[in-house]
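Student: Provided below for reference: sequence and predicted model.
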Amino acid sequence: MKKTLSIYAGIRENFPSGLVVFLVALPLCLGIALASGAPPLSGIIAGIIGGLVVGSLSNSNISVSGPAAGLTAIVLTAITDLGAFELFLCAGIIAGILQLILGFIRAGSISNYFPTNVIEGMLAGIGIIIILTQIPHALGYDKDFEGNETLFANGFNPNYFSELLAGVHPGAVIVTLVSIGILLAWDKIPALKKLKMIPGALVAVGTGILLNYIFTVSGSNLAIGAEHLVSLPVPQSGADFKNMIVFPELQGFLNPKVWIVGATIAIVASIETLLCIEASDRLDSKRRITDTNLELRAQGIGNLISSAIGGLPMTSVVVRSSANASAGATSKLSTVIHGALLLICVLTIPFILNLIPLATLAAVLILVGYKLAKPATMMHFWHKGKYQFIPFIATVIAVVSLDLLKGVGIGLLISVFYILQGNMKRAYYLSREELDDADEINIKLAEEVSFLNKAAIKKTLKNIKPNSQVCIDARSTSYIATDILEMIQEFANIRAKEEDIEVRLIGFKTSYQEYADDEDSHIIIAHRRAM
C-alpha cells in the first residue's frame, strides 16, 4: 500500500515537469531529424526511447535523453556517404554496443575530471544559444530547424538580421509575449504556483492555440500559418504508420564505413552524455550524483533499440534536462512520463499537436535559457577571481561561437594551463625584493615537486645573495624530481660554500649512500621520498 502511495506521489510531483519536457522535446525531435536528413519520425522514436528506456535504466534524476543536435552534422554526413538511412541504422546499433562496452569498462569515470567552472560555462553558453536561436521562432521567422546548438550552423549570413526583421510575424509576436507573461505569472503569483498539477507551459501552449484559432476564424492578418506551427506526420491508418518506420539493412554490418561511423557516434555521444550528466547533477536541487558508468550502459541500450526500430542516435541532452530541472522534476519518473506522452500523443492526437505555434514553445525555451545564463552566474565566477572566471567565460564564448565539445575542450585547456602555471609558481618563486627584505629565506616545497617547478626554484636560488641564510623545507613533500634534487645539491655544496650562504635543510631523507657518507656535504639528497 505504501509503495502504491509512493508511486502515486511521484507521478503527481513529476507529471507537470514531464509534460513541460514533452512540449519542449516534440519540436526538437522533429527539427533535429529534418536537419539530419532523416525521416521525421526517426527523431520522435529516439525521443520516446530516450524517455521510456534510458529514463528507466539510468539513475540520473534530472537528465533527459533524446536525439542530439551535436550529432546532426555526423548523421547528415554519414547518411549521405552511406547512401541510405537503412545502412546508417546499422551504425547506430554498433554505437550502442560500443557504449555498452564503455560502460562495463568504467569509462564514465572521466566525467570526474570536468571542472565546475567549465561545466557552468557550458550551461551558460547553451542558455545563450537557446535564447538567440529561439528569438527567430518567437518573432515568426522559422527559416532554421529547431534544435541547433550552435549559432549560424549553416554559416554566417550577412543579411541574416535584415531578413529576420523583415520576416517578423505580428501574430507570432503577440503569442510569444502572452506566453512569456503567463509563464512569469505562474512563477511569481503565489495562488498560481499552488496549481502544481497544471504547469504554466501547458497553459501557455493552450493559450497560444486559442489565440491563433481566434486570429484564424476572424480572418485576421495575425493568423499564424502552418509553416509556423508544429509539423508532425499524421498517418491516416495503421498501414501508413507502419510505412513511416524504417528498419536497418543488415548487410550494412559488412561495410567498413558503417563501423567507422558507429565508432565515431559512440565516442561523440558518450562525451556529450557525460558532459550533460555533470551539468544535470549541478542542476539537481538535491545535488544527487549519477552513476556515469550505468548511464553509458543505459545510453548504449537506448541507442541499440532506437536504431533497431528506425530511430536516430541519442545522448543525454542539456536543453531538455534544463527544462526538466526548471519545471521542478524530483526524480527520473519525469523523464519516463515525457517519453510516454510522446508515444501516446504521436499515436492518438498528432493533428492537435500540429496546432501548437512554435512561438509559444520558443517562449518556454527562452525562459529556460535565461535561467541557465542569468547574470548572477556570471557575477558569481567574476567574484571568484580570474582563475575561475577566465575558463568559465572562455567556455561560454567558445560554446556559443563554435560548438559544445570544442567549447568545453577550450575551457579545459585554459583550466589545465592555470593549474600548471599555479603548480610552477607555487611556493617557489621569490622576487628580488622579497629576498632582499628577508632575514632568513624560507623555501617550503609542495607535496609534488616536478620538472614543472624547476624554472621557479632555479630563479629563486639564482637571486639569493651572498651571506644569506636559506631554509629549504621538504617535510610536506612526498615526491621530488631527480633533476631538482641535483640542482639543490649543487647550490648547497658548491655555490653556498663559495658565497658564504648558510643552507639549512628540513625533511630530506637519503637514498644515495655516497652523499650520506660525505661529511662535507651541505645537503642530504632524497630521490623520491621526503619526510
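Tutor: Right, received. Where do you want to start?
Student: what's the distance between residue 175 and residue 349?
Tutor: Separation of residue 175 from residue 349 (C-beta to C-beta, to the nearest Å) stands at 20 Å. For glycine as for every other residue, the C-beta is placed from the backbone atoms N, C-alpha and C.
Student: okay, the two: which has more neighbours?
Tutor: Each of residue 175 and residue 349 has its neighbours counted (other C-beta atoms under 10 Å); residue 175 has more, 31 against 13.
Student: For residue 476, what is the enclosing helix or strand?
Tutor: For residue 476, there is no helix or strand it lies in under DSSP states H and E.
Student: Identify the residues contacting it.
Tutor: Residues near residue 476 by C-beta atoms under 8 Å, 6 or more residues apart in numbering: 444, 445, 446, 447, 507.
Student: Buried subset of those residues, written for PyMOL?
Tutor: Entered in PyMOL, the line below selects the buried ones among the contacts of residue 476, by 16 or more other C-beta atoms under 10 Å:
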select buried, resi 444+445+446+507
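Student: Closest to residue 280 out of the contacts of residue 476?
Tutor: residue 447 (33.4 Å; C-beta to C-beta).
Student: tally of neighbours for the residue lying closest to residue 261 once chain neighbours are set aside?
Tutor: Distances taken as C-beta to C-beta, 6 or more residues apart in numbering place residue 91 nearest to residue 261, at 4.0 Å, with adjacent residues excluded. The local packing of residue 91 (other C-beta under 10 Å) involves 30 other residues.
Student: Pretty sure residue 91 sits against residue 256.
Tutor: No. If you go by C-beta atoms under 8 Å, residue 91 and residue 256 don't touch, sitting 11.2 Å apart.
Student: what touches both of the two?
Tutor: By C-beta under 8 Å, 6+ apart, no residue touches both residue 91 and residue 256.
Student: List the contacts of residue 323.
Tutor: Contact partners of residue 323, counting by C-beta under 8 Å, 6+ apart, are 20, 21, 24, 64, 364, 365, 368.
Student: So which of those are in strands?
Tutor: Here DSSP state E is the test, and those give residue 64 as lying in strands.
Student: Sort out for me which of the contacts of residue 323 are in helices.
Tutor: Here DSSP state H is the test, and the contacts of residue 323 give 20, 21, 24, 364, 365, 368 as lying in helices.
Student: before we move on, back to that, between the contacts of residue 476, which is closest to residue 128?
Tutor: residue 446 (38.4 Å).
Student: Am I right that the closest one sits in a strand?
Tutor: No. Per DSSP: H, G, I helix; E, B strand; the rest coil, residue 446 lies outside any strand segment and is coil.
Student: residue ranges of the helices in the stretch 201-350 of the chain, please?
Tutor: Applying DSSP state H, counting those that start in this stretch to the stretch 201-350 of the chain gives helices spanning 238-244, 256-283, 292-308, 318-326, 333-348, 350-353.
Student: Of those, which stretch is the most buried?
Tutor: The highest average neighbour count among the helices of the stretch 201-350 of the chain, using mean count of other C-beta atoms under 10 Å, belongs to helix 318-326 at a mean of 28.
Student: got the angle between that one and helix 256-283?
Tutor: Angle of helix 318-326 versus helix 256-283, following axes from the mean of the first three to the mean of the last three C-alpha atoms, to 10 degrees, is 30 degrees.
Student: pLDDT-wise, which helix or strand of this structure ranks last?
Tutor: Ranking every helix and strand in the chain by mean pLDDT, DSSP states H and E puts helix 513-516 at the bottom, with a mean of 34.
Student: out of the contacts of residue 323, who has the most neighbours?
Tutor: Of the contacts of residue 323, with other C-beta under 10 Å as the count, residue 64 tops at 35 neighbours.
Student: So that residue is in contact with residue 52, correct?
Tutor: No. Shown here, residue 64 and residue 52 do not form a contact pair, counting by C-beta under 8 Å, at 11.7 Å.
Student: Many thanks, I have nothing further to ask.
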